[in-house]
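# Any chance you can model this:
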Amino acid sequence: MKKLDCPVCPQVPDGEITEEEIRKQELFELETDDRTLLSGPSSRLHNLMTLFRVAKDLLLAFRTLHFAGPCVTIFGSARTRPGTQYYELARNMGAACARLGFTVMTGGGPGIMQAGNQGAFEIGGRSLGINIELPFEQEINPYVQHSITMRYFFTRKVVLVKYSYAFIVMPGGAGTMDEMFETMTLIQTGKLKGFPIILMGKEYWQPLMDFVYRMADEGMISPEDPELIFFTDDVEDAVAHLQRHAVRQFGLRKKRTPHPIRVLGEKPILG
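Numbering: from 1, shown residues only. Coordinates of the predicted model:
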């Protein structure tokens, strides 16, 4: 504990705040690209520069990942420790996806992201990480063969969805739920094809699934919308679902990989 004057934390006795609270206050005070973008009207020049930065972010991703092949994106918490139940489940799913011929794509960081990349890497599959610039740097995990670092959260989410034919959602926090429900909404509204969403971690996610079915019962979503989510903890069942709803449904097969044009920033994907 540190003794500090903390006008923003009056509930803490005697001005005592934790290191975590100090970090949150520092984050609150930092200016980031996303915060600047979302801070309301700006000058015309500033808006133009923002458009250029967004375009650069997407162009970098499009050129770098042009040869990524069909991907599966694994979402989940960065805080999950190696060796734990959900880490090993994500690791096994990463390996299973790679055996099907998919490139495993994650956010590139630690926890569940590392587990998914590790599973693919260990069996010789392709492993990608889409990192994000943060005030406190998030390091790429050691099992990522190829990575890019993006400036904006929303462009990063576009990329994590764009190249994937299925989405594995492991236990996580607000960011994981945001990614899952945005993907579900894109499918629900026809903005994205009916790619499978596989939710794993039944004990953890059961209250959420109960609420999804309640939304359907209350008429807030269509009765068939909960069926967009395949809920399981069994890797074999998940693989079978991928086979039916990603591999066969979309006719995925290995194709001859074209040569990258390096002057356009294209790079081969290892694996």
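# doesn't Ile198 fall inside a strand?
Yes. Ile198 sits within a strand when classified using DSSP: H, G, I helix; E, B strand; the rest coil.
# That one against Ala240, yeah?
No. Look at Ile198 against Ala240 with CB atoms under 8 Å: they stay out of range, at 10.7 Å. C-beta here means a position set from N, CA and C on the backbone, and glycine is covered the same way.
# between those two, which one's more packed in?
More neighbours surround Ile198 than the other of Ile198 and Ala240, with 24 against 13 (other CB atoms under 10 Å).
# Tell me the spacing between the more buried one and Thr73.
11 Å (CB to CB, to the nearest Å).
# Sheet-wise, list the partners of the strand or helix carrying Val72 with their directions.
Under the criterion of DSSP states H and E, Val72 resides in strand 71-75. When pairing is defined by DSSP bridges, strand 71-75 lines up against strand 103-106 (parallel), strand 164-169 (parallel).
# any idea of the mean pLDDT in the first one?
Mean pLDDT, computed over strand 103-106, is 97.
# Can you name the next helix or strand after it?
Strand 103-106 is succeeded, C-terminally, by helix 112-122 (DSSP H and E).
# Which neighbouring elements make contact with that next one?
Contact analysis of helix 112-122 by 3 or more CB pairs under 8 Å, 6 or more residues apart in numbering; DSSP states H and E lists strand 71-75, helix 85-99, strand 103-106, strand 127-132 as its packing neighbours.
# hmm, which helix or strand of the chain has the shakiest average pLDDT?
Every helix and strand of the chain was ranked by mean pLDDT, DSSP states H and E. The lowest is strand 2-3, at a mean of 42.
# isn't Gly173 right next to Thr80, touching?
No. Using CB under 8 Å, Gly173 is not in contact with Thr80; the gap is 10.4 Å.
# For the two, indicate the residue with more neighbours.
For the pair Gly173 and Thr80, the greater number of neighbours falls to Thr80 (23 against 11), based on other CB under 10 Å.
# which residues does that one contact?
Shown in contact with Thr80 (CB atoms under 8 Å, 6 or more residues apart in numbering): 86-87, 90, 111-112, 115, 170-171.
# State the three-state secondary structure for Phe230.
Three-state assignment for Phe230 (three-state DSSP): strand.
# Distance-wise, check it relative to Pro196.
Noted for Phe230: a distance of 6 Å to Pro196, by CB to CB.
# what is in contact with the two at once?
Counting by CB under 8 Å, 6+ apart, the residues touching both Phe230 and Pro196 are 241, 245.
# can you state the direction angle for the strand holding Val72 and strand 127-132?
If you take axes from the mean of the first three to the mean of the last three CA atoms, to 10 degrees, strand 71-75 sits at 50 degrees to strand 127-132.
# now the angle between helix 112-122 and strand 71-75, please.
140 degrees.
# so what sits against both of Ile198 and Thr73?
In contact with both Ile198 and Thr73: 166-168, using CB under 8 Å, 6+ apart.
# Minimum distance to Ser127: which of the strands paired with strand 71-75 has it?
strand 103-106 (5.3 Å; CB to CB).
# Output stretch 200-210 as PDB, restricted to C-alpha atoms.
Extracted in PDB, the C-alpha atoms of stretch 200-210 (Å, rounded to 0.1, in the frame of the first residue of the first chain):
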ATOM      1  CA  MET A 200     -16.400 -22.900 -23.900                       C
ATOM      2  CA  GLY A 201     -16.200 -22.900 -20.100                       C
ATOM      3  CA  LYS A 202     -19.700 -24.200 -19.100                       C
ATOM      4  CA  GLU A 203     -19.400 -23.600 -15.400                       C
ATOM      5  CA  TYR A 204     -18.200 -20.000 -16.000                       C
ATOM      6  CA  TRP A 205     -20.600 -19.000 -18.700                       C
ATOM      7  CA  GLN A 206     -23.800 -20.800 -17.600                       C
ATOM      8  CA  PRO A 207     -25.300 -17.700 -16.000                       C
ATOM      9  CA  LEU A 208     -24.700 -15.800 -19.300                       C
ATOM     10  CA  MET A 209     -26.300 -18.500 -21.400                       C
ATOM     11  CA  ASP A 210     -29.300 -18.500 -19.000                       C
END
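# Let the chain start at 4 from now.
Fine by me, first position is 4 from now on; the one you just mentioned is stretch 203-213.
# neighbouring contacts of it?
Stretch 203-213 is contacted by residues 89, 92-93, 96, 171-174, 180, 202, 229, 232, 234-236, 241 when judged by CB under 8 Å, 6+ apart.
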